[in-house]
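Novice: Okay, predicted coordinates and the sequence, questions at the end:
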Amino acid sequence: MRVVALVGKSGTGKSYKALSLAYEKDIEYIIDDGLFIKGSKILAGKSAKREKTKISAVKRALFMENSHKQAIIEKIQEYKPCSILILGTSEKMVNNITENLGIGPVNETVYINEIASEEELKIARESRIKQGKHVIPVPTFEIKKDFSGYFIDKLKIFRRKKDNTIQIAEKSVVRPTFSYMGKFTIYDRVIIQMVKYVTGNIMAIHKVNKVKINNYKHGIVVNIELAIKYGVNIPKIIALLQKQVKKDVEHMTSLNIIAINVIVKSLEIKY
């Protein structure tokens, strides 16, 4: 396995440059901040940016927790990458990652100042220091499944390939829990779509008629009206729905769900 390291201090734009570097060196797989990524899909891991403290974030990024480390090792063994790009704040950090994951040695080291201009480095530092923004090299949709921090924005990177076609890469800009600075907003319609998606995975529910979100200082209340299939245990299904909605929506948004009110408006009877 060919191992390439991208090294640069925190806040210098490594994750922003990762996809471009991987593309130039024909590398499909990336390890960054506790995640094992192929292209624009998270294969395994938990983002260090989920952690509440810097110390726990560093431990996550170094794969020091056994179950986290083992999950990455198993995926690497499953996919058997020919090459992999590892991001780190120093050569020592990258070496620790390769040692913990049982891969390596590092065949090539690229330093962020070799692929980023002084202006780009300045912008990256200001974005980190003044706004607390971090970039993760996968689309926002992928991050939503794993990330419990605070979403800020998404970036689209356009570049021309050798065959003259245009490649579009999307990255997520996030504000980690441990560096939270100020308020964040998630539109009600986004939460409603999450609730409908979760509800749609419960076979006993026929249809979601309406979802309404009430916002309060300490969290949200989710109100669901639905039609349920005749013959099922209604209290059991409602309890399952409430449990699943609370688990998934809180995980994807970090919002505190105060209550989930469910009203069964009708029964679906099949003849």
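Specialist: Thanks, I have it.
Novice: if I've got this straight, Gly104 is in a helix?
Specialist: No: according to DSSP: H, G, I helix; E, B strand; the rest coil, Gly104 belongs to no helix; its state is coil.
Novice: who's in contact with it?
Specialist: Contacts for Gly104 were tallied using Cβ atoms under 8 Å, 6 or more residues apart in numbering; they are 3, 95, 98. The way it works is simple: take the backbone N, C-alpha and C, and place the C-beta from them, glycine included.
Novice: Tell me how this protein divides into domains.
Specialist: For the chain, automatic domain parsing gives the domain ranges 2-179, 188-268.
Novice: most neighbours per residue, which of the ones you listed?
Specialist: When the domains of the chain are scored by mean count of other Cβ atoms under 10 Å, the highest mean neighbour count falls to domain 2-179 (a mean of 17).
Novice: Quick check: mean pLDDT of that domain?
Specialist: Averaging pLDDT along domain 2-179 gives 76.
Novice: Just give me the longest helix of the protein.
Specialist: Looking across the chain with DSSP state H, the single longest helix is helix 234-253.
Novice: How much space separates Ile31 from Gln193?
Specialist: Going from Ile31 to Gln193 by Cβ to Cβ, to the nearest Å gives 31 Å.
Novice: is it true that Lys212 touches Asn223?
Specialist: Yes: between Lys212 and Asn223 there is a contact under Cβ atoms under 8 Å: 4.4 Å.
Novice: Phi first, then psi, for Asn256.
Specialist: phi -90, psi 120 (degrees, to the nearest 10).
Novice: now the one 10 residues further on
Specialist: According to degrees, to the nearest 10, the main-chain angles of Ser266 amount to phi -160, psi 170.
Novice: Could I get the pLDDT score of it?
Specialist: 92.
Novice: Equivalent analysis for the one 4 residues further on, please.
Specialist: Predicted confidence (pLDDT) at Lys270: the value is 75.
Novice: helix, strand or coil for it?
Specialist: Assigned with three-state DSSP, Lys270 falls in the coil class.
Novice: Next up, the contacts around Leu21.
Specialist: When contacts are counted by Cβ under 8 Å, 6+ apart, Leu21 touches 4, 6, 27, 85, 110, 115.
Novice: Helices of the chain, residue ranges please.
Specialist: Using DSSP H, helices in the chain cover 14-24, 54-61, 66-79, 91-101, 112-115, 118-131, 140-144, 188-200, 234-253.
Novice: Just put these in CSV and tack on distance to Gly45.
Specialist: Listed next are those as CSV, based on distance: least, Cβ to Cβ, whole Å:
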stretch, distance to Gly45
helix 14-24, 14
helix 54-61, 9
helix 66-79, 5
helix 91-101, 11
helix 112-115, 22
helix 118-131, 22
helix 140-144, 12
helix 188-200, 22
helix 234-253, 15
